[in-house]
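Participant: based on what follows, work out the 3D shape:
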Amino acid sequence: MPERNTFAETIQSNYWYRVAGLAVLALLALYLFVLVISEFKAMRYIGSGVSASNTITVSGEGEVTAVPDTATFSVTIQERASTVKAAQELATKKTNDIVAYLKDQDIDEKDVQTSDYSVYPEYDYETKACAPGEYCVPGKQVLRGYQVSQTLTVKVRDTEQAGDLLTGVGERGATQVSGLSFTIDDEEALKASARDEAIAQAKDKADELARALGVNVVRVVGFSENDFYPPMPYAYGRGGAAMDMAVAQEAKAAPEIPTGENKIISNVTITYEIR
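Facilitator: All right, here's what the predicted structure looks like:
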């Protein structure tokens, strides 16, 4: 009786060994199947990380023009006094008058910003006249007073207001009005349009060159783009700070300032792989 039990146990043990072996083989087969499928799927990417050996490089330029919708200019107020406090009080009064005027003209508070504020001493250099052969004591600096300078940058959303505002700030004590420039507040769409035009031009050049060479364009392997050209500022200042103020104060009417058109240019360089 014990011998029969041992024989049965042996058969049962062998059965489970076979089952385990078959399971291992099945898992191995499944692994190999998945690996093969993955390799087939990846075949279209073979060579994607390899540097192209045959290439052509072309360039393209896109240009877009638009009428500016924003004007920006700077207003500087300078005052001198024997003390810093006195100079600051004079400058602050004129600055507040100008800011109040701009607000009355519907210029938003966020569009008026102090771009510079400085306080510095001013000196006179005194020398003593000496007779021939007399020892002269070197001259010395003598404090004359202090100058306070504050510069405001003003953004105007209605470009037709620019001329009136230039005259208005001059009449309220601005020492200098300068740096007038016309820009487009949101240039992103225009930049994208110029870029698309440049890319299309470069692609046409690449196709034409490939036909001439008897090859095919495969893919883009390099791309670069330059900066966009900034708008040129309109020079309002003439003959220094004193004349700027005088011209603005004596003006009978606001100056007419044409806005013209701004040009946005994109230059691209594209490298294509060819076969």
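
Participant: where's residue 223 relative to residue 131, distance?
Facilitator: 78 Å (Cβ to Cβ, to the nearest Å). No exception for glycine: its C-beta is placed from N, CA and C like everyone else's.

Participant: of the two, give the one with the bigger neighbour count.
Facilitator: residue 223 (11 against 7; other Cβ atoms under 10 Å).

Participant: element containing residue 32, please.
Facilitator: helix 2-42 (DSSP states H and E).

Participant: after that helix, next one along is what?
Facilitator: strand 55-66.

Participant: quick one: mean pLDDT over that next one.
Facilitator: Averaged over strand 55-66, pLDDT sits at 94.

Participant: quick one: contacts for residue 120?
Facilitator: 146-147 (Cβ atoms under 8 Å, 6 or more residues apart in numbering).

Participant: show me what the helix or strand hosting residue 77 is packed up against.
Facilitator: Per DSSP H and E: residue 77 is located in strand 70-81. If contacts are counted by 3 or more Cβ pairs under 8 Å, 6 or more residues apart in numbering; DSSP states H and E, strand 70-81 sits against helix 84-104, strand 112-126, strand 140-156, helix 162-171, strand 176-183.

Participant: for it, the averaged confidence score.
Facilitator: 95.

Participant: again, but for stretch 166-179
Facilitator: Here the average pLDDT along stretch 166-179 is 93.

Participant: in stretch 61-78, what's buried?
Facilitator: 62, 64, 68-78 (16 or more other Cβ atoms under 10 Å).

Participant: sorry, back to before: mind putting the helices and strands packed on strand 70-81 into CSV with distance to residue 210?
Facilitator: Below are the helices and strands packed on strand 70-81 laid out as CSV (distance: least, Cβ to Cβ, whole Å):
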stretch, distance to residue 210
helix 84-104, 58
strand 112-126, 52
strand 140-156, 48
helix 162-171, 50
strand 176-183, 40
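
Participant: of the ones you listed, which is nearest residue 32?
Facilitator: Set against residue 32 and scored by Cβ to Cβ, those come closest in strand 176-183, at 64.3 Å.

Participant: need the CA coordinates for the strand holding residue 77. CSV is fine.
Facilitator: Extracted C-alpha coordinates of strand 70-81, given in CSV (Å, rounded to 0.1, in the frame of the first residue of the first chain):
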residue,chain,number,x,y,z
THR,A,70,0.0,102.7,-29.7
ALA,A,71,2.2,105.7,-29.2
THR,A,72,4.9,106.0,-26.5
PHE,A,73,6.9,109.0,-25.4
SER,A,74,9.0,110.2,-22.5
VAL,A,75,8.5,113.3,-20.4
THR,A,76,11.4,114.6,-18.2
ILE,A,77,11.0,117.1,-15.4
GLN,A,78,14.2,118.7,-14.0
GLU,A,79,14.4,121.2,-11.1
ARG,A,80,17.3,122.8,-9.3
ALA,A,81,17.4,124.2,-5.7
